[in-house]
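Participant: structure for this input, please:
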Amino acid sequence: MYFNATMNEEIKKDRSRNYPKLSLAASVELAKKLYSKAGKAKISPEVAVGALGYSGMNGAALAALGTLTHYGLIDRERGKSVSISPLAIRLIHPLNSEQEIAAKRESALLPQVFKELFDAGFHKCDTALIANHLIQNEFTPDGARKAANMFKENIELAKLQDSSINDSVESQTEDKTADTVSHKDVLPPVPPVIPDHIKGKTVLATYTAPLGSNEATITFTGEKLSVEDFVALADFVDYCKRQFERKQKSESSNPIPPKPAFPEPPFVALWKNSNKEKMVKIVGQPVFQKGEYVYQDDGGTLIPANELFPDLKK
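Facilitator: Residues are numbered from 1 along each chain as shown. Prediction:
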């Protein structure tokens, strides 16, 4: 095989080839698309690009997989499989706004080029200056412009514009005569998410297990964890399984009837039974409970559907 050493050296120098080709926002949308089609399953790259809407392993498809990899949104086994990453799950289904912004910040700074720019304080510079800096660091002019614009867009999405830079002076020689300044980003602290039912308790261990397209988290609290605790947990999980199976059988034998043929809320109706007869304004969607549908009026009262007579003239 013919090998062009000069051409290969030029490719190595062109760093604009090695950065995400899409913004973080666009990449998260791609991850959502992949997750909606494949869940957390490990699939081949060919199947993955098909789920993303590409006809095959062409340049655009490879760029999409590369971009998702740059941002840490997929886990890849070289030549074998692709799967959605835990970081992507936190971005797609965050527990709260704090976890979402923390995940965005982590993902935005995973690409090496963007991390270097942020560490050096370029997130506070305009795009033209960033592009000039990248050109002087082996980017093509077009690649530098695109990377600079994408970097600034990601910084805004992850709310990193106002993050401060911590300057530290380090000695570079034994006599400490040559000092240099290194920059480290200091992100606003994100408090850990602590569920209400374990606040104030001592957490002994936490385990997270994938369950198909779902996920289960088990947290042990108390004073000391033992093997017997796991045995008791297994018994409890088996009990929960039986209860779930019983509920499924009950629901299958008593299917929920179709919703009443009433107008979409809000609507005005006559509430009539043996004790009262008055006009009410229905504001909530029907809820099936205790074998019947009930509606909620604007005063918060739950009213059985069979006691409502909508004013269809209005």
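
Participant: can you list contacts of the helix or strand harbouring residue 36?
Facilitator: When elements are assigned from DSSP states H and E, residue 36 belongs to helix 24-38. By C-beta atoms under 8 Å, 6 or more residues apart in numbering, the residues outside helix 24-38 that reach it are 20, 22, 47-48, 51-53, 64, 67-68, 71, 73-74, 83-84, 88-89, 91-92, 104, 107-108, 153-154, 157-158. Every C-beta, even on glycine, is put in place using the N, C-alpha and C of the backbone.

Participant: run the chain-centre distance for it.
Facilitator: Mean-position distance between helix 24-38 and its chain equals 9 Å (C-alpha atoms, centre = their mean, to the nearest Å).

Participant: downstream of that helix, the next helix or strand is which one?
Facilitator: Immediately after helix 24-38, counting by DSSP H and E, sits helix 45-51.

Participant: what residues sit buried inside that following helix?
Facilitator: 45, 48, 49, 50, 51 (16 or more other C-beta atoms under 10 Å).

Participant: need the max-distance pair from those.
Facilitator: Distance extremes for the buried residues of helix 45-51: the farthest pair is 45 and 51 at 10.6 Å, using C-beta to C-beta.

Participant: drop anything exposed from the contacts of helix 24-38.
Facilitator: Neighbour counting with 16+ other C-beta under 10 Å marks 20, 22, 48, 51-52, 64, 67-68, 71, 73-74, 83-84, 88-89, 91-92, 104, 107-108, 153-154, 157-158 as buried within those.

Participant: in helices only, show me the residues you listed.
Facilitator: Within those, residues falling in helices by DSSP state H are 48, 51, 64, 67-68, 88-89, 91-92, 104, 107-108, 153-154, 157.

Participant: what are the phi and psi values at the nearest residue to residue 104 once chain neighbours are set aside?
Facilitator: Leaving aside its sequence neighbours, residue 104 sits nearest to residue 158 (C-beta to C-beta, 6 or more residues apart in numbering; 4.2 Å). Backbone torsions for residue 158, taken as degrees, to the nearest 10, come to phi -90, psi 0.
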